[in-house]
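> Attaching a predicted model along with its sequence, questions to come.
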Amino acid sequence: MINILISRYNFDETWCYERLKGIINSNHRVLIVPLSFDNRKISSDEDWQKSYNPNYGKYYKEVVSPFASYGIREDNISWINYFTDEKENIIEMIGKSDILFFTGGLPDKTMDRLKELGLIKYIETFKGIIIGASAGAMIQTKEYHISPDKDYDTFSYNIGLDIIKSFNIEVHYNETDIQKSSINRVLDEKKRIVYAIKDTGAIVINNNHIELLGDVTKFNKVI
């Protein structure tokens, strides 16, 4: 498994493209996993289509367009529809995919839905590439933290996927006092390294080898 952790859907930009084109290729089959939505905004297939339908979905092109830069055709990109896809169908789609892409949004909701659908073990044993943006990056760590922001009032620790165990991440890092406080808390309480990923940063993990691309800062002591 190769893991790519990013803050935004901009992994086709110059700061990372030359490196990632050695990982992502035009023959790859991609499965988009958009399970991070707020159910106050998306609560039905009709709502889902407004967000992700290829013809009129608000976020469709934003998610798909980076893959086009690597030569991946839209007919090689599939989507999990939480409201219509059966578990068996999703498992089959995972098995046929080379890349799983986890969207940004609410990480705890993503984990709740992965559990509900019975997909955890299939993700954790996936042999391909897992790319996650923002929330989709956070959940790849075994115990991720949430910093207070517009979606969450308080700091919290949460259980993610049993994939990355040696560090935590702070996404959308902008050097704010709240983010620095959260990083210090993890360093102090969990004694784990924290990588702060700015919007033009990425981490690539391949067989426990960690590679930093763009704007990523490593914190291993309280700041």
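Everything's here; your move.
> so for the biggest strand by length in the chain, what's the average pLDDT?
Longest strand in the chain by number of residues (criterion: DSSP state E): strand 193-206. In this model, strand 193-206 carries a mean pLDDT of 99.
> from the middle of its chain, how far away would the top helix by length along the chain be?
Identified as the longest helix of the chain according to DSSP state H is helix 177-190. Its chain's C-alpha centre and that of helix 177-190 lie 21 Å apart, by CA atoms, centre = their mean, to the nearest Å.
> quick one: it to strand 193-206, angle?
Interaxial angle of helix 177-190 relative to strand 193-206 (axes from the mean of the first three to the mean of the last three CA atoms, to 10 degrees): 80 degrees.
> who does the longest strand of the chain pair up with?
Looking at strand 193-206 with DSSP bridges, its partner strands are strand 2-6 (antiparallel), strand 167-170 (parallel), strand 209-219 (antiparallel).
> Please, where are all the strands along this structure?
Counting by DSSP E, the strands of the chain are 2-6, 30-33, 77-79, 99-102, 129-133, 143-146, 156-159, 167-170, 193-206, 209-219.
> ok now the longest one, how far from the chain's centre?
Taking CA atoms, centre = their mean, one finds the center of strand 193-206 at 12 Å from the center of the full chain.
> likewise the fifth one?
Relative to its parent chain, strand 129-133 has a centroid offset of 5 Å by CA atoms, centre = their mean.
> Return the set of buried residues in that strand.
If you call a residue buried by 16 or more other CB atoms under 10 Å, then strand 129-133 has these buried ones: 129-133. Where C-beta positions appear, they are placed from N, C-alpha and C, glycine not excepted.
> From those, pick the one nearest Cys16.
Distances from Cys16 to the buried residues of strand 129-133, taken as CB to CB, are shortest for Ile131 (11.2 Å).
> Relative to Gly22, how far out is the nearest residue to that closest one once chain neighbours are set aside?
Leaving aside its chain neighbours, Ile131 sits nearest to Ile4 (4.4 Å; criterion: CB to CB, 6 or more residues apart in numbering). Ile4 is 12 Å from Gly22, where distance means CB to CB, to the nearest Å.
> Compare those two (neighbour count), which wins?
Ile4 (27 against 8; other CB atoms under 10 Å).
> and that one, what does it touch?
11, 20, 23, 129-132, 202-205 (CB atoms under 8 Å, 6 or more residues apart in numbering).
> can you put these in CSV and add distance to Gly118?
As requested, those are exported to CSV (distance: CB to CB, whole Å):
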residue, distance to Gly118
Phe11, 29
Leu20, 31
Ile23, 29
Ile129, 22
Ile130, 18
Ile131, 22
Gly132, 20
Ala202, 30
Ile203, 28
Val204, 29
Ile205, 25
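> which among these gets closest to Ile42?
Gly132 (18.8 Å).
> tell me the pLDDT at Lys221?
Reading off the model, Lys221 has pLDDT 85.
> and the residue lying closest to it once chain neighbours are set aside, how many residues sit next to it?
Spatial nearest neighbour of Lys221, excluding adjacent residues (CB to CB, 6+ apart): Leu187 at 6.5 Å. Using other CB under 10 Å, Leu187 is surrounded by 18 other residues.
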